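In: task: produce atomic coordinates for the following.
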Amino acid sequence: MSARDPLLQVRGLTHRYGRQVGCRDVSFDLHPGEVLGIVGESGSGKTTLLKCVSGQMQPSEGEVAYRTRDIGTVDVYGMTEARRRMLMRTDWGIVYQNARDGLRMKVSAGANVGERLMAIGERNYGHIRNEAVDWLERVEMDIGRIDDLPGTFSGGMQQRLQIARNLVTKPRLVFMDEPTSGLDVSVQARLLDLIRGLVGSLGIACVVVTHDLGVVRLLSHRLMVMKGGRVVEQGLTDQVLDDPQHPYTQLLVSSILPV
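Out: Numbering: from 1, shown residues only. Below is the predicted model of the structure:
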């Protein structure tokens, strides 16, 4: 198996909600260190796709295969539930649009980060505490607030804490769902710079879902455009945004179409 082999392979992914199709026949590869952006208007299927790819919702059809560290490439939905959950807590990270969905609100900031280390077998309290301090510093949070509850932080700081919680285990793959949505513009800009720096320095592969073309231009190497549950255009991010070929992408880029 070559290091150049895909980290994630998605083939023919389809998900139905009764008679309604959330996403249809989506296929792509994601390589180590690569960032894939997925854009489209509300209802385009991008969030459904993300949930299916990230192990949160089993697709109606298709396959999600992941190249693990230890046993090679496996079918994510062929795993036992326990093994899939362990994968999601260790080698993967999921950054939710609402940081509260990705945090334990009743435990401290430091404990939110430390819990992830305990999930991979770390038991030395001093090391866990030091790693928590290090990661709070990396995401530019005040380490003096390590024992404060997440509810005492602003939305932007909660999102930084969620990022620290996800990255402390050095995952190889992170899924991000509208990571800067709902934050004011200046907070968005600082957070995007932080995400770009961390993802680049750690060599993490990412799938980023957003309605914001500025986010994908800054973060992603490749881009998929979705409409009505289907991928209508894909390619290198700058190529797609600077020279869109599909009429829907042209509307999206020209901001005529509301997102």
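In: what is the neighbour count of the residue nearest to residue 147 when sequence neighbours are not counted?
Out: Once flanking residues are discounted, residue 147 sits nearest to residue 108: 4.8 Å by Cβ to Cβ, 6 or more residues apart in numbering. From N, CA and C alone the C-beta is placed, and that goes for glycine too. Using other Cβ atoms under 10 Å, residue 108 has 17 neighbouring residues.
In: residue 108 contacts residue 153, correct?
Out: No - Residue 108 lies out of contact with residue 153 (Cβ atoms under 8 Å); the separation is 11.0 Å.
In: residue ranges in the protein under the pLDDT threshold?
Out: Residues of the chain that meet the criterion pLDDT under 70 lie in 1-3, 256-259.
In: name the single longest helix found in it.
Out: Longest helix of the chain, by residue count under DSSP state H: helix 185-202.
In: list the contacts of that one.
Out: Contacting residues not belonging to helix 185-202 are listed as 35, 138-140, 154-156, 159-160, 163, 167, 170, 174, 176, 179-180, 183, 204, 206, 215, 218-219 [Cβ atoms under 8 Å, 6 or more residues apart in numbering].
In: how about the helices in the chain?
Out: For the chain, applying DSSP H gives helices covering 46-53, 81-90, 109-119, 125-138, 155-167, 185-202, 213-219, 237-242, 247-254.
In: contacting residues for the residue nearest to residue 232 when sequence neighbours are not counted?
Out: Once flanking residues are discounted, residue 232 sits nearest to residue 246: 4.7 Å by Cβ to Cβ, 6+ apart. Going by Cβ under 8 Å, 6+ apart, residue 246 touches 225, 232-233.
In: neighbour-wise, which of the residues you listed leads?
Out: The residue in the contacts of residue 246 with the most neighbours, by other Cβ under 10 Å, is residue 225 (27 neighbours).
In: show me what contacts that residue?
Out: Residue 225 neighbours (Cβ under 8 Å, 6+ apart): 39-40, 231-234, 240, 244, 246, 248-249, 252.
In: give me the beta-bridge partners of it?
Out: Residue 225 has these beta-bridge partners by DSSP bridges: residue 39, residue 233.
In: what separation do you get for it and residue 240?
Out: In this view, residue 225 and residue 240 are 7 Å apart by Cβ to Cβ, to the nearest Å.
In: try residue 83
Out: Residue 83 sits 36 Å away from residue 240, going by Cβ to Cβ.
In: who has more neighbours, the two?
Out: residue 240 (26 against 14).
In: wait, isn't the more buried one in contact with residue 232?
Out: No - in this structure, residue 240 is not within contact of residue 232 by Cβ under 8 Å, at 10.6 Å.
In: anything in contact with each of the two?
Out: Counting by Cβ under 8 Å, 6+ apart, the contacts common to residue 240 and residue 232 are 225, 249.
In: tell me the contacts of the residue positioned nearest the centre of the chain?
Out: Nearest to the mean C-alpha position of the chain, by Cα atoms, centre = their mean, lies residue 175 at 1.6 Å. Contacts of residue 175 were listed using Cβ under 8 Å, 6+ apart, and they are 50, 53-54, 92-95, 206-207, 209.
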